[in-house]
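Chemist: what shape does this take:
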Amino acid sequence: MIPFSPPYIDDDIIKEVADTLQSGWITTGPKTKLLEEEIAAYCTVEKALAVNSATSAMMLVLHWFGITRGDEVIVPAYTYCATALAAMHIGAKPVMVDVGDDFNIDPEKIKAAITAKTKAIITVDFGGWPCDYEKIYALLKSADVKSKFTASNEKQQQLGRIMIMSDAAHALGAVYNNLPVGKCADITIFSLHAVKNVTSAEGGVIAFNMPAPFSNEAIYSTMRLWSLNGQTKDAFTKSAAGGWEYDIVYPGFKMNMPDVLAAMGLAQFRAYKKNLLAERKRVFDFYNEAFALHEWAILPPFKKTGSGSSYHLYPLRIKDINEEKRNAVIERIAAKGVAVNVHFKPLPMLTIFKEAGYRMADYPAAYKMYCNEISLPVYPQLNNDTCKIVADAVCKAVDAVALK
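Modeler: Reported below is the predicted structural model:
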């Protein structure tokens, strides 16, 4: 069996986690702080906050911006459910927009979705490929779109426009117009879930890049406090001799990341910067070279001067094939012992959104991308011989199904 996305665990990761276990301190403390600092430096932002998941991170940011019942948050129709659920969890309505041929939200289609109720847009860097932030910012800063924006609180008034929050769950390590993802949107959310390029088993990181006159240091301090039940001292600080006294100054949440998970993420992130990202690119490039020989293959459109993917996914599309045949191809690949996946079922295909009135027919591009897409394994442990087994299994499956 060739699994789809096993975690990368080496001796350095085991040692870092063991060091935390032996330290006597396993919840939020120095390792979490160090992970925050290293990711902030990598993204060239002042501050980053580690929390228990990317979903929690998105909820926390939307709540901080004062988004609530009656507000609208624009999301792509082609994404994982958490993007929309984060808005729903705080009472807002997700407004879906179709995607372009790079799997990302289509900037040309955003404008029609904006109303006076729109408070934020959650972009998604699909598979690790950055959205066109330049076009999206130009749209949101245009006079006619800004004139529609209705601020409901001081933060929204201070920004004076719709906030851009990037769901960069796939995109740690990606680059857009020579800027690291994390430095492209107002606020960026990374996922450290078990299947991501860098994992802490479960976790998320918020990178703060709000424009002046906002203080990203102050925003970090506020959200850190809110992620710890609104408590003025974290457990590590309280544990110091004589440091027991604290106060609760906000009805916050329990969203903090513990050190035992941060230790895993820290060691992973150091290896990622050193060679794991480059190894993912090697696998991605191998597939590109192998499938470029076949007329039926639509390669991922992840090329642009000054920009680069994090190579989280290899979303191969098969020309002139429907959903039923795509599924038949997957079955044949699986029979060869190769695990593949599909990213994603567009949101309107899921029961919770269908029951809320969203219609797949309104998002034809998303459905077109979905029905012929197969995500192939991409991770550092795959050597070139294994990549060839994957590619051969895909080609034979496609040939067998397409010739029927």
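Chemist: assumed Met223 was part of a helix.
Modeler: Yes: remark: Met223 belongs to a helix, assigned using DSSP: H, G, I helix; E, B strand; the rest coil.
Chemist: can you pull the contacts of it?
Modeler: Contact partners of Met223, counting by CB atoms under 8 Å, 6 or more residues apart in numbering, are Leu49, Leu60, Val61, Trp64, Ile206. The C-beta positions use only the backbone N, C-alpha and C, and glycine is treated the same way.
Chemist: list the buried ones in the helix or strand harbouring Arg270?
Modeler: Using DSSP states H and E, Arg270 sits in helix 259-271. In terms of neighbour count (16 or more other CB atoms under 10 Å), helix 259-271 has its buried residues at Asp259, Val260, Leu261, Ala262, Ala263, Met264, Gly265, Leu266, Ala267, Gln268, Phe269, Ala271.
Chemist: tell me, what's the model's pLDDT at the fourth one?
Modeler: What it means is Ala262. Looking at Ala262, its pLDDT reads 98.
Chemist: circling back to that earlier point, make TSV out of the buried residues of helix 259-271 and add distance to Ala86.
Modeler: Output for the buried residues of helix 259-271, formatted as TSV (distance: CB to CB, whole Å):
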residue	distance to Ala86
Asp259	25
Val260	25
Leu261	20
Ala262	22
Ala263	27
Met264	24
Gly265	21
Leu266	25
Ala267	28
Gln268	24
Phe269	24
Ala271	29
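Chemist: partners of the lengthiest strand in the chain, with directions?
Modeler: Using DSSP state E to define each element, the chain has its longest strand at strand 118-124. Partner strands and pairing direction for strand 118-124 (DSSP bridges) are strand 72-76 (parallel), strand 163-167 (parallel).
Chemist: and it, how far out from the chain middle?
Modeler: 14 Å (CA atoms, centre = their mean, to the nearest Å).
Chemist: what does stretch 184-200 give?
Modeler: Relative to its chain's centre, stretch 184-200 lies at 5 Å (CA atoms, centre = their mean).
Chemist: likewise for stretch 308-319?
Modeler: Offset of stretch 308-319 from its chain centre (CA atoms, centre = their mean): 15 Å.
Chemist: for stretch 346-365, same thing?
Modeler: Worked out by CA atoms, centre = their mean, stretch 346-365 lies 21 Å from the chain centre.
Chemist: now the residue nearest the centre of the chain, what's its secondary structure?
Modeler: Centroid-nearest residue in the chain: Ala169, 1.5 Å away (criterion: CA atoms, centre = their mean). Using three-state DSSP, the structure places Ala169 in coil.
Chemist: going forward, the N-terminal residue is numbered 390.
Modeler: In the new count, where the first residue is 390, that last one comes out as Ala558.
Chemist: chain neighbours aside, what residue packs nearest to it?
Modeler: Ser580 (3.6 Å; CB to CB, 6 or more residues apart in numbering).
Chemist: may I have the worst-scoring helix or strand of the chain on mean pLDDT as PDB, with CA atoms only?
Modeler: Within the chain, no helix or strand scores below helix 624-627, which has a mean of 82 by mean pLDDT, DSSP states H and E. Output in PDB follows, covering the C-alpha atoms of helix 624-627 (Å, rounded to 0.1, in the frame of the first residue of the first chain):
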ATOM      1  CA  ALA A 624      -1.200  28.400  33.200                       C
ATOM      2  CA  PHE A 625       2.600  28.700  32.700                       C
ATOM      3  CA  THR A 626       2.700  32.200  34.200                       C
ATOM      4  CA  LYS A 627       0.400  31.200  37.000                       C
END
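Chemist: so for that helix, what gets flagged as buried?
Modeler: Within helix 624-627, the residues that count as buried by 16+ other CB under 10 Å are Phe625.
Chemist: for the residue of the chain most remote from its centre, give me its contacts.
Modeler: Relative to the centre of the chain, and counting by CA atoms, centre = their mean, the farthest-placed residue is Gly631 at 40.9 Å. For Gly631, the contact set (CB under 8 Å, 6+ apart) is empty.
Chemist: okay, it: pLDDT?
Modeler: Looking at Gly631, the pLDDT reads 81.
Chemist: part of a strand, is Pro546?
Modeler: You called it Pro, but residue 546 is Gln. No: read with three-state DSSP, Gln546 is helix and lies in no strand.
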